[in-house]
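Enquirer: Whatever this is, show me its structure:
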Amino acid sequence: MKRRFVLAATAAAVLIAGGATTAVAVNTGGPGSPQSDARTSAQLAATAGAQGAAADGGREDREAGESGDAGRVAGAKSDAAQAAVAALRAVPGTVTEIELDEERGALVWEADVLGRDGAWHDLTLDPLTTRVLRSHTDRDTSGAHGQDRVRAALHGTTVDAASAARAVGQGRGTVTSVDFEDDHGAKAVWEVETVTRDGKEHTYLVDPRTAAVSTAPADDRDDHDGSADDHDGADD
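Expert: Numbering: from 1, shown residues only. Coordinates of the predicted model:
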């Protein structure tokens, strides 16, 4: 039988961090021995501490991101209603979506307008002055039946994009997007997204006939992608 030699003397180090004390001991005990159990406990405690620190760091990153969202919104100066009105001055018709977005690192308002000329118009507006920076007209008639569907859904409505933004923007945060959804259950609605001062996003539904505001169901908030390219129900 070979004898077990002690190659290192027992040492202890105590680290105090965040009110917790962790002791690490060097020993030669085998698996199942008191020394081994103590070493395993210390390793688990150290791992838990590292995971806690990582979680704290992730939470701080999320909070910083939320603060950044609020800061970007504050830098827009103009609101969604003003941007929608400006888009209609440039292209007569109906604004079906207005969204605050970033383009090449710069903040802009992007608007979709179903024009009186029967075409979709994509506009980019300055968030400070609401001046139209760029405009693109899609005269592809392949999606004409999609336009007809949107027009049918809009028929008889009395609440436009600007009005929907004003209805939600009273005490519910800063409106970052207004989107006409004609496939929202049995009736069409305006889907309005906001950002509050704490950087949190919220989604509301506005009745296009009465301007009544309700909170969007969780599933609708998760499924909505806010893509301006979809032209709010127009077929691709």
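Enquirer: who touches the closest residue to Asp126 other than its chain neighbours in this structure?
Expert: In this structure, Asp126 finds its nearest non-sequential neighbour in Leu133, 5.7 Å apart by C-beta to C-beta, 6 or more residues apart in numbering. Placement of C-beta: from N, CA and C, glycine included. Leu133 is in contact with Val108, Thr124, Leu125, Asp126, counting by C-beta atoms under 8 Å, 6 or more residues apart in numbering.
Enquirer: Phi, psi for the last one please.
Expert: Spelled out, that is Asp126. phi -70, psi 130 (degrees, to the nearest 10).
Enquirer: That one and Leu107 touch, don't they?
Expert: No. With contact defined as C-beta atoms under 8 Å, Asp126 does not count as touching Leu107 (9.1 Å).
Enquirer: Please, where are all the helices along this structure?
Expert: 34-74, 80-90, 144-154, 161-168, 218-223 (DSSP state H).
Enquirer: Run a quick neighbour tally on Asp148.
Expert: Counted with other C-beta atoms under 10 Å, the neighbours of Asp148 add up to 12.
Enquirer: re the thing from before, out of the helices of the chain, which gets the lowest mean score?
Expert: Of all the helices of the chain, mean pLDDT reaches its minimum on helix 34-74 (a mean of 52).
Enquirer: ok, back up a step: what two of the contacts of Leu133 are the furthest from one another?
Expert: Greatest spatial distance in those: Thr124 and Asp126, 8.3 Å, computed using C-beta to C-beta.
Enquirer: what do these two both touch?
Expert: Val108, Trp109, Val132, Leu133.
Enquirer: can you name the two of the residues you listed that are farthest apart?
Expert: Taking C-beta to C-beta, no two of these sit farther apart than Val108 and Val132, at 10.6 Å.
Enquirer: shared neighbours, the two?
Expert: Joint contacts of Val108 and Val132 (C-beta under 8 Å, 6+ apart) are Thr124, Leu125, Asp126.
Enquirer: can you pick the most crowded of the shared contacts of Thr124 and Asp126?
Expert: Trp109 (27 neighbours).
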